[in-house]
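Undergrad: Okay, sequence plus prediction incoming.
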Number of protein chains: 2
Amino acid sequence: MSAGTRAAIVAIGSEMLGPLRRDTNSSWLTERLEEMGIEVVRKSVVGDEPEEIARELSCSAAAAGWIFTTGGLGPTADDVTVAAIAHWMGVPVRRDERFVAAMRERWEVRRGLRMPSVNEKQADFPEGARVLENARGTAPGLWLERRGVQIVVLPGVPSEMREIFEQKVLPELRRGGASAVTKRRVLRIAGMAESRVEELVAPFYAKWKDDPVTILASPGEVELHLCARGDPATAEARVAEMEDDFRSVLGARIHGTGGEALAESLGRALKEKGRTLALAESCTGGLVSSLLTDVPGSSAYFLGTVVPYADRSKETLLGVHEETLKRHGAVSEETAREMAHGARERFGSDLAASVTGIAGPDGGTPEKPVGTVFFAVVDREGREKTSKRFFGGDRAMVRRTSAMFSLEMIRRFLIEAA
Amino acid sequence: MSAGTRAAIVAIGSEMLGPLRRDTNSSWLTERLEEMGIEVVRKSVVGDEPEEIARELSCSAAAAGWIFTTGGLGPTADDVTVAAIAHWMGVPVRRDERFVAAMRERWEVRRGLRMPSVNEKQADFPEGARVLENARGTAPGLWLERRGVQIVVLPGVPSEMREIFEQKVLPELRRGGASAVTKRRVLRIAGMAESRVEELVAPFYAKWKDDPVTILASPGEVELHLCARGDPATAEARVAEMEDDFRSVLGARIHGTGGEALAESLGRALKEKGRTLALAESCTGGLVSSLLTDVPGSSAYFLGTVVPYADRSKETLLGVHEETLKRHGAVSEETAREMAHGARERFGSDLAASVTGIAGPDGGTPEKPVGTVFFAVVDREGREKTSKRFFGGDRAMVRRTSAMFSLEMIRRFLIEAA
């Protein structure tokens, strides 16, 4: 098996050619293949048409030593992947009667049903194919070889595709013992503009110019994707050193690595310190609260929120002074501070935070344009912090950026209290 | 220009082969092409490698009469699309000095800057190419023809790609006067299980068997995508008749068509009736409130929310009786009702709605398993409606489904009050 280190991924299914459905398998496969030292050099989507499938296989086989196909293995007439591949390879399709019997038994034992005869088609395999058993469904995967090109045929249902890949394909790739693999790290930073993050890490670009660093920004959050290629030990050491370098300038601004959301890191910090939190959010309208309570077990530290969307309710529900609203307006540092104190007292929490701003598109003034947002965090001991920010973008962007900023401000308030 | 009605879309850019970035242009293009009667028969992603680009162009040219490429038109060394296409076509690349001068002028006039000389490369065009001006950036699109295949070369930045396609490509496609086009309609239904929607519309499947109906389900919402193909007038008439058929069984359960979110339909209904709304949400933790306030102008009818995440705050902030919590529990019809009344009184709104349930993964009991959720809606006139539901799935799914159910319940409460 020396098919080289270049792969093509082919998603088969007419539905993915329309505007409604998307191939999501290829991203997942790409990440796994990279870890195994195999580079994806092309990805494609073709319909359930034998001629198009064959054309794509020829094209892929010219470009890569590995071809991974997904989809088109179902029992119905429009699933033509197996027949198309066999035809392209110039081998006959044969029904595997032992496999038919095994499928029938599974239907009877697991579901108590007689298998519809249409399903027998899923035991039709091209001559010479190795069958990759599917523990989650009926359509097995297949492994074929043609003139040195390894062709791995997987179902389109993501859970089945992943299961077969992990159980039947990965172990063999591992045995292959790739000489160069890709190792990745994700560092997550909130409450800081992309340009500021870039400024801080830029001194390291020269050192790591051969290892791609990707900065991905979403509203209120910046992700640094580090990536190193080499033999497994070297790649791991390089990516660890990259992480150390970036940590040396970003420090506690990195709230997490990998898939952990900011609200989870904050939740962890609250739990560790045994502190409870309440919120008062105006322009974010419940988004901060929603992000916090997305986290399982958040009721251990999160007591609740008031969204005083109407100004009057800032007085009645949170005790903001009429005088404050009159003199400084609902969008002001003073109102933010009183909202936070009001929430802390009413919920009896250790900490409370507030957000009040102008998300737009209307409501902006020359002094307080759309995107102006005030934040406060207060605690039981009388510590207090406020912040004024101006965020660009549309309503959704201002709201999302504000929510992330608020979560990060609370997290840092907690850390600094230590 | 009789390139037929089959198209291939080729996204060019090595970054889209990694797991981090995705080609989003092809979905958008597909929808536009379908409307023009052009069917997309293959989509692919290749890196910025001349050899791979050429291989893909050959493959696409064999499959389709139209090729649309996106990406790789920037000024840097890794942008090789133009050179690769010219090489594949066997024509030379020539620098258009008039175009260079025009670019330089734009840099000076619009940005007050001297154009970096590296940008001159963006005036290199394959011989015989028609230049499609880019009103939003410097890289123009190109239109070429090779052996009857029309090749449209567009930039990868979505806003620029769309602008050029709409301004320079669509008008020509329209002139072509497609004989068969695809017309679509999206009908949106909330608060109803996918299986129930399917049951209601199934009687029409036989009638519309030649026109694909796609049901897409997301937590709390079902979308029916109707689609008819034919000459423009016939396709329009067919899709309108399809819509009438589906409306005849779904009626007011369809909260919207096209891209309008449920919270927008609800907002419209509240505005039309001049009614205000407040919320009390427990297990959804602010998600309903967040969806409602996503809508610009929602402060006209939305007064605010209390998220009484701690049980104690259900009493202190909403006036739920201690007795009710003790006897029925925080997750009960009685508590839901008192929460809604409490919110209505405290915010002084015309209507108020509440949600209380067990989102999981912990907190379930044999009587009230994870996924049990109670809802209430009340109004100033004393009307009252409650509902108990059981939703499957994980925490995120239960919360999302509950939020959509609540919005739809309020919408129907409003409609039925009429």
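TA: Yep, that arrived.

Undergrad: contacting residues for A:Thr401?
TA: Neighbouring residues of A:Thr401 by Cβ atoms under 8 Å, 6 or more residues apart in numbering or on different chains: A:219-220, A:391, A:393. All C-beta spots, glycine's among them, are computed from the backbone N, C-alpha and C.

Undergrad: Show me how chain A divides into domains.
TA: Chain A resolves into domains spanning A:6-176, A:181-257, A:262-416 when parsed by automatic domain parsing.

Undergrad: A:Thr386 contacts A:Ala376, correct?
TA: Yes: in this structure, A:Thr386 is within contact of A:Ala376 by Cβ atoms under 8 Å, at 4.7 Å.

Undergrad: At the contact with chain B, which residues of the stretch 251-400 of chain A appear?
TA: The stretch 251-400 of chain A comes close to chain B at residues A:279, A:281, A:284-290, A:292-294, A:296-299, A:302-310, A:312-313, A:316-317, A:346-348, A:360-362, A:395-396, A:399, as judged by Cβ under 8 Å from any Cβ of the partner chain.

Undergrad: Select only the buried ones of those in PyMOL?
TA: Buried members of these can be picked out in PyMOL with the line below, counting by 16 or more other Cβ atoms under 10 Å in any protein chain shown:
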select buried, chain A and resi 279+281+284+285+286+287+288+289+290+292+293+294+296+298+299+302+303+304+305+306+307+308+309+310+313+317+346+347+348+360+395+399
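
Undergrad: Looking at the residues of the stretch 251-400 of chain A next to chain B, which are in helices?
TA: The helices in this structure, assigned by DSSP state H, contain A:287-290, A:292-293, A:312-313, A:316, A:346-347, A:395-396, A:399 from those.

Undergrad: In a markdown table, list the residues you listed along with distance to A:Ile254 and pLDDT.
TA: Formatted as a markdown table, those follow (distance: Cβ to Cβ, whole Å; pLDDT from 0 to 100):
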| residue | distance to A:Ile254 | pLDDT |
| --- | --- | --- |
| A:Leu287 | 23 | 98 |
| A:Val288 | 21 | 98 |
| A:Ser289 | 25 | 98 |
| A:Ser290 | 24 | 98 |
| A:Leu292 | 20 | 98 |
| A:Thr293 | 24 | 98 |
| A:Arg312 | 41 | 94 |
| A:Ser313 | 37 | 96 |
| A:Thr316 | 41 | 96 |
| A:Arg346 | 34 | 97 |
| A:Phe347 | 30 | 98 |
| A:Arg395 | 29 | 95 |
| A:Ala396 | 26 | 94 |
| A:Arg399 | 24 | 97 |
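
Undergrad: which one of those residues is nearest A:Ala8?
TA: Among those, A:Ala396 lies closest to A:Ala8 (Cβ to Cβ), at 37.2 Å.

Undergrad: That closest one and A:Asp362, how far apart?
TA: Plainly put, A:Ala396 is 15 Å away from A:Asp362 if you go by Cβ to Cβ, to the nearest Å.

Undergrad: same thing with A:Thr182?
TA: Distance of A:Thr182 to A:Asp362, given as Cβ to Cβ: 48 Å.

Undergrad: what are the ranges of the strands in the stretch 151-300 of chain A?
TA: Here the stretch 151-300 of chain A has its strands, by DSSP state E, counting those that start in this stretch, at A:181-190, A:214-218, A:221-230, A:254-257, A:277-281.
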